[in-house]
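**Q** Compute the structure for the input listed below.
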Amino acid sequence: MTDAFQNEAGQNETDRSEAGYQSTPGTEVEAPAPRSEALPLHSEALPHDSTALVTWLTTLVRNREYGTLADLRRARHPTKAHIRAGWYGGDEHRELFERVAFLFAIYHQGRSTPSYGHGSLGEAARRIGDSVARGPKNPGAQRLLDRVVASRRIPWRHLQHTVTRLRSCEQAPPSWTELTEDLIRWHDRKARIAYSWSAAFYTTPPKRNRTAAPSKQTTRRNESA
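**A** Below you'll find the predicted structure:
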């Protein structure tokens, strides 16, 4: 009985030595604290900021930092500029923000004035074409938009073609902030981004009421009388 007890005690000492613990007679070795208690983990993800991204990109153009813009156009060779652009994407959208920055740099190649753009990509595609026909009346613009909205994944290659066509046509790009937010929700079925782009492309925007200005003048004349 005594021999068995001594063998068991010796085995415990051997196990402690192999684990890297040092035992002192009359003391007990405490087990290390669980990882979750020793190093508290933060579950909150870093949010994205598309407005801050566009502000930074337009500042590059305004300050004529053409070297950084050229780096952003080198999609196959990530640089510090890509890391900076991806940082605005938070923890979940870094790559997406890098690619939007790439599109921005493509459009602004050789330009000294930044363009924030306006409207959705569907509205911007309506501006593609020439003096003869634009948007839905232009076969090239129609084919390009159809390829964009038919893609299940984010159609980066067709988006690049769209931005390049807008640049060559001397037309304003889509709102870069809105484009970024739309691409974040591309796979959200409830958002229906592809459908909204297609509807904006084929729907004629309402015309402004030109009779509003004369009516104000008439009212002023009546008041003066």
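
**Q** Not counting its neighbours along the chain, what's nearest the residue nearest the centre of the chain?
**A** Within the chain, one residue has its C-alpha closest to the average C-alpha position: by C-alpha atoms, centre = their mean, that is F97, at 3.5 Å. Sequence neighbours aside, G89 is the residue nearest to F97 in space, at 3.4 Å (criterion: C-beta to C-beta, 6 or more residues apart in numbering). For the C-beta atoms, the positions are set from N, CA and C on the backbone; glycine is no exception.

**Q** Can you pull the phi/psi pair for that neighbour?
**A** According to degrees, to the nearest 10, the main-chain angles of G89 amount to phi -80, psi 0.

**Q** give me the low-pLDDT residue ranges for the protein?
**A** Confidence mapping of the chain against pLDDT under 70 gives the ranges 1-45, 208-225.

**Q** So G135 is in contact with E123, correct?
**A** No. Because the distance of 9.2 Å does not satisfy C-beta atoms under 8 Å, G135 is recorded as not touching E123.

**Q** Give me the common contacts of these two.
**A** Shared contacts of G135 and E123 (C-beta atoms under 8 Å, 6 or more residues apart in numbering): F201.

**Q** How many neighbouring residues does the closest residue to W156 other than its chain neighbours have?
**A** With sequence-adjacent residues excluded and distances taken as C-beta to C-beta, 6+ apart, W156 is closest to R99, at 5.9 Å. Residues within reach of R99, counting by other C-beta atoms under 10 Å, total 23.

**Q** Now R99: which helix or strand?
**A** R99 belongs to helix 94-107 when assigned by DSSP states H and E.

**Q** And L144, by the same measure?
**A** In the assignment (DSSP H and E), L144 maps to helix 139-150.

**Q** How far off centre is stretch 127-143?
**A** Here stretch 127-143 is found 28 Å from its chain centre; the criterion is C-alpha atoms, centre = their mean, to the nearest Å.
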